[in-house]
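**Student:** quick one: sequence and predicted model below, then my questions.
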Amino acid sequence: MDNQLFSGTGSLSRFILRRDRIRIPIWILSFVLATVATAVAFIGLYENAQERQAIAATMENPAMTAMVGPGYGLANYTSGAMMAHQMLLMTAVVVGLMSVLLVIRHTRTDEEEGRIEMVRSLPVGRLSNVAATLLVLFLVNIVLAILTGISLYALNIESMELEGSLLYGAALGATGMVFASLTAVCAQLSHNARSAMGLSIGILLLAYIVRAIGDVGSEAVAWLSPLGWIVRSEVYVNNIWWPVLMTVGAAVILGALAMYLNSIRDLGAGFLPARAGKTHASPLLLSPFGLAFRLQRTGFIAWAISMYVLGASYGSVMGDMESFFADVDLMQDLLVPMEGFSLVEQFVPTLMAVMAIIATIPVLMAILKARGEEKNDRIEHVLGRAVSRNRLLGSYLLISLIASFVMISLAGLGLGTVADAVMEEGFDTAMAYQAALAYLPAVWAMIGVTVLLIGWLPKLTGFIWLYLSFSFFVIYLGSLFQLPEWVEKITPFGYVSAIPLEEFDWLQATVLTAVAIGLIVIGFVGYNKRDIGS
Amino acid sequence: MTILKTTGLSKKFGDFAALDGVDIEVGKGEVYGFIGPNGAGKSTTIRVLLGILKATEGQATIFGKDVWKDAVDIHKRVAYVPGDVNLWPNLTGGEVIDLFIKLRGGNNKSRREELIRRFDLDPSKKCRTYSKGNRQKVALVAALSSDADLYILDEPTSGLDPLMERVFQECVREAKAEGKSILLSSHILSEVEQLCDKVAIIRQGKIIEKGTLKELRHLTGTMLLVETKEPMPNLAEVKGVRGIEQKDGALSFQVDQEELDHVVRYVSGFGIIRMESAPPTLEELFMRHYEGTGTGGAV
């Protein structure tokens, strides 16, 4: 290896492992445990082939295909086929997210903080940091793949044989690797960590959406997305290895591209152009609210567009669903239509729940920015001037509340308008919008919990992401396996009226909103009492 | 008139006492130097004064108001420059300056332009591209262009070049001439000596020495360098003489202020060839407090 370029890669890799000696094992264990737990749950829930076949019939529709990927082996829906169909893609997306977060952390973030500069001043190669980061990430994903594969096989479930189990793990690992490399490329393109992360997560979501469109509509489109490749490994059904190997190959090529880009740029620079700056601030910036909004403007707009696109992509499959249901008599029997509702309408609450939880991400990011500013020691510039703590935190809260309304609305309208356009019978857009708005009180409750944490337990604000993930898990899996009712009641998303199937429950919504307000008020009290600082 | 006053100010982080009974008092039109090594408690004191940290015990008032309860009112008349200036990477320096001026509630365009020129700052660049010194300039321009009554400056020159340091000192003198008060935390002792009327030295959260520069100088002594025709064998036994060192055939030593007359008379008896005297520096005072204790932190 070229000493000038790669010297010290080994030491840097060990250093990265040392820095993340807790973070990385937690990620890996979470994936292994969640996968094993789901597999065990499937076995418990569907005891025989007949029950599995019944669920297979309900899965065989475009909405489910858009959400979890194409179903293979639906004719003989073994536990393994079910696992690969319902869990592989979703888990793979989260593995991709892990790679994005870890790569940005060790590339652009370190560069922005000036730590790469210190490392580069030592006898270390120019590419060593990128190389070490990718090396560690590849290693992490390989370990993840092997552990997941072996654990699944060790469950000793009949349809989950060794090869399929290893392929399941490999598909997850390959996804992690390709997104690690993609993120490394994004880290070279953008000037800073924030936009590099936005770009990477954007590509991850785009890959998911392109695959959804492809899986439902055209096979060729699905091949444009690496997530489309890995689901085509037909795990536990035909066990096709080459799509996974192709993904690993793409990871290696993209990794090489990242290193090439890294080698031709200056430290601290990026390839995407930076705009010339203003010498004076616009009047819109000149308030705590203006500042808080300005800091998040790009992300806010990107999320708003993504939410509409997400809603629209679900909406676009509604037309296919309609014709699908019309064709298959079996479905008519299985999903007993509720009085007055079309089968398509019956899918609205499930889709809306998933979208509402995704829409909560930018909402929480908006309020957590207040804590991020504190950690970066920038909040003292504002509090050191004539700005009260209430006004400061209130500004971030207001943005968060605006975001909740905007994101949920766009998701609902995206679904409604596009569904109306593609369906022959038409679709009630107003109903979809109401179904979306019904989630607002739950989102506000999540804001409330976050404000409470910021006010009283600022070091534990990250807990809210765990809570949101838990909510997603419960709501998403709850609809798949009928988890006990009380589990859903641990999250605010369990207290939402399933419009159009249920009437809007004013009392429930009012109580949830009152809880949210209560939590926010308590959070503000704490924020006014505590020390500010990291 | 007292602008800023703390009495028995203490701050604990868990078991660790960051501040332990800090008493300082800044009068109107005074430049008050606050010196001490890194980690001694300078920034913690300032953060308490800004109402960002809540004091565990003791009182702190600015303009006669409580720094915690009336923070917003106080801040309308205070300008602050933090020691470590972290700015928003995607805003330009000009935008940040405008924002800071507006958040304090003032608006002085001509002063802003003048200071940007004097500090030689390019306000059109994004903060991400600024060096430490340039980020400090942004904070200084924002603070100095505001019409405050009290300036709290936490190591404001640690990243500035000597040229800009001089501009900074001019600005401080101008502010003082206008009757403004300044609390200047620093570990650059020459700067404090040149600018400050009063000084407090903090170590491990305690104020160990304070007073006017003149008073503090009494605590050390004058440095004398003397070359005589005849040797002075018993100089070490003369009252008030400390730290004798041989230097180029001459003797250099420190003389306590009150013994100066007596020592000079003694020395003159040996036939003076050369005699140089230097005022005591803050550095010597400072070193005396920190040397040998081993626990004061690095200076």
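**Tutor:** Received, thanks.
**Student:** checking the residue nearest to residue A:284 when sequence neighbours are not counted next. Helix, strand or coil?
**Tutor:** Counting by C-beta to C-beta, 6 or more residues apart in numbering or on different chains, residue A:284 lies nearest to residue A:290, which is 5.2 Å off, once chain neighbours are set aside. Where C-beta positions appear, they are placed from N, C-alpha and C, glycine not excepted. Following DSSP: H, G, I helix; E, B strand; the rest coil, residue A:290 is assigned to helix.
**Student:** kindly report the same for residue A:500.
**Tutor:** Applying three-state DSSP: residue A:500 is coil.
**Student:** so what's it up against?
**Tutor:** Residue A:500 is in contact with A:341, A:345, A:348, A:349, A:428, A:431, A:434, A:435, counting by C-beta atoms under 8 Å, 6 or more residues apart in numbering or on different chains.
**Student:** and if you look at residue A:228?
**Tutor:** Contacts of residue A:228 by C-beta under 8 Å, 6+ apart are A:207, A:210, A:211, A:214, A:215, A:221, A:222.
**Student:** how about residue A:415?
**Tutor:** For residue A:415, the contact set (C-beta under 8 Å, 6+ apart) comprises A:311, A:312, A:314, A:315, A:318, A:348, A:351, A:352, A:355, A:432, A:436.
**Student:** centre of the chain to the one helix or strand the first one maps to, how far?
**Tutor:** Counting by DSSP states H and E, the element that carries residue A:311 is helix A:288-327. Distance of helix A:288-327 from the chain centroid (C-alpha atoms, centre = their mean, to the nearest Å) equals 13 Å.
**Student:** and that helix, what does it pack onto?
**Tutor:** If you count contacts as 3 or more C-beta pairs under 8 Å, 6 or more residues apart in numbering or on different chains; DSSP states H and E, helix A:288-327 packs onto helix A:62-68, helix A:193-216, helix A:329-334, helix A:343-375, helix A:389-422, helix B:93-104.
**Student:** now those helices in JSON lines, with distance to residue A:271 and mean pLDDT?
**Tutor:** As requested, the helices and strands packed on helix A:288-327 are exported to JSON lines (distance: least, C-beta to C-beta, whole Å; pLDDT from 0 to 100):
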{"stretch": "helix A:62-68", "distance to residue A:271": "34", "mean pLDDT": "81"}
{"stretch": "helix A:193-216", "distance to residue A:271": "11", "mean pLDDT": "90"}
{"stretch": "helix A:329-334", "distance to residue A:271": "50", "mean pLDDT": "52"}
{"stretch": "helix A:343-375", "distance to residue A:271": "26", "mean pLDDT": "90"}
{"stretch": "helix A:389-422", "distance to residue A:271": "30", "mean pLDDT": "93"}
{"stretch": "helix B:93-104", "distance to residue A:271": "24", "mean pLDDT": "90"}
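**Student:** for the residue in the stretch 151-299 of chain B positioned nearest to chain A, give its distance to residue A:386.
**Tutor:** Residue nearest to chain A within the stretch 151-299 of chain B: residue B:152 (8.2 Å; C-beta to the nearest C-beta). Between residue B:152 and residue A:386 the computed distance is 14 Å (C-beta to C-beta, to the nearest Å).
**Student:** now do residue A:184
**Tutor:** Distance from residue A:184 to residue A:386, by C-beta to C-beta: 44 Å.
**Student:** between the two, which one's more packed in?
**Tutor:** When neighbours are counted by other C-beta atoms under 10 Å in any protein chain shown, residue A:184 and residue A:386 differ, and residue A:184 comes out ahead with 31 against 20.
**Student:** what residues are up against that one?
**Tutor:** Taking C-beta under 8 Å, 6+ apart as the test, what residue A:184 contacts is A:103, A:107, A:130, A:133, A:134, A:254, A:255, A:258, A:259.
**Student:** element containing the fourth one?
**Tutor:** Pointing back at residue A:133 there. Here residue A:133 sits within helix A:128-154, counting by DSSP H and E.
**Student:** buried sites along the following helix or strand past that helix?
**Tutor:** Counting by DSSP H and E, the element after helix A:128-154 in chain order, helix or strand, is helix A:162-189. Burial within helix A:162-189, assessed by neighbour count using 16 or more other C-beta atoms under 10 Å in any protein chain shown, is assigned to A:164-189.
**Student:** tell me the mean pLDDT for helix A:162-189?
**Tutor:** Helix A:162-189 shows a mean pLDDT of 96.
**Student:** go on, stretch B:45-55?
**Tutor:** For stretch B:45-55, mean pLDDT rounds to 92.
**Student:** which one of the contacts of residue A:228 is nearest to chain B?
**Tutor:** Of the contacts of residue A:228, the one sitting nearest to chain B (C-beta to the nearest C-beta) turns out to be residue A:207, at 26.7 Å.
**Student:** residues contacting that closest one?
**Tutor:** Contacts of residue A:207 were listed using C-beta under 8 Å, 6+ apart, and they are A:96, A:225, A:226, A:227, A:228.
**Student:** out of the contacts of residue A:184, who's near chain B?
**Tutor:** The subset of the contacts of residue A:184 lying close to chain B, counting by C-beta under 8 Å from any C-beta of the partner chain, is empty.
**Student:** could I get these as a markdown table with distance to residue A:78 and pLDDT?
**Tutor:** Formatted as a markdown table, the contacts of residue A:184 follow (distance: C-beta to C-beta, whole Å; pLDDT from 0 to 100):
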| residue | distance to residue A:78 | pLDDT |
| --- | --- | --- |
| A:103 | 36 | 97 |
| A:107 | 42 | 94 |
| A:130 | 42 | 95 |
| A:133 | 39 | 97 |
| A:134 | 36 | 97 |
| A:254 | 34 | 97 |
| A:255 | 36 | 97 |
| A:258 | 40 | 96 |
| A:259 | 43 | 95 |
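**Student:** what does chain B put close to chain A?
**Tutor:** Checking chain B against chain A by C-beta under 8 Å from any C-beta, the hits are B:47, B:50-54, B:71-73, B:75-76, B:78, B:80, B:82, B:84, B:86-100, B:102-105, B:123-126, B:128, B:139.
**Student:** tell me the domain boundaries of chain A?
**Tutor:** Under the assignment named as automatic domain parsing, the residue ranges that make up the domains of chain A are A:1-273, A:288-534.
**Student:** quick one: pLDDT of the residue lying closest to residue A:420 once chain neighbours are set aside?
**Tutor:** Distance criterion C-beta to C-beta, 6+ apart; nearest residue to residue A:420, sequence neighbours excluded, is residue A:427 at 4.2 Å. Here, the pLDDT recorded for residue A:427 equals 85.
**Student:** who's in contact with residue A:427?
**Tutor:** Counting by C-beta under 8 Å, 6+ apart, residue A:427 makes contact with A:315, A:318, A:344, A:416, A:419, A:420.
**Student:** ok, the fifth one to residue A:425 distance?
**Tutor:** Read it as residue A:419. 10 Å.
**Student:** for these two, indicate the residue with more neighbours.
**Tutor:** A side-by-side neighbour count of residue A:419 and residue A:425, using other C-beta under 10 Å, places residue A:419 first with 28 against 10.
**Student:** contacting residues for the more buried one?
**Tutor:** A:314, A:315, A:316, A:318, A:319, A:344, A:427, A:429, A:432.
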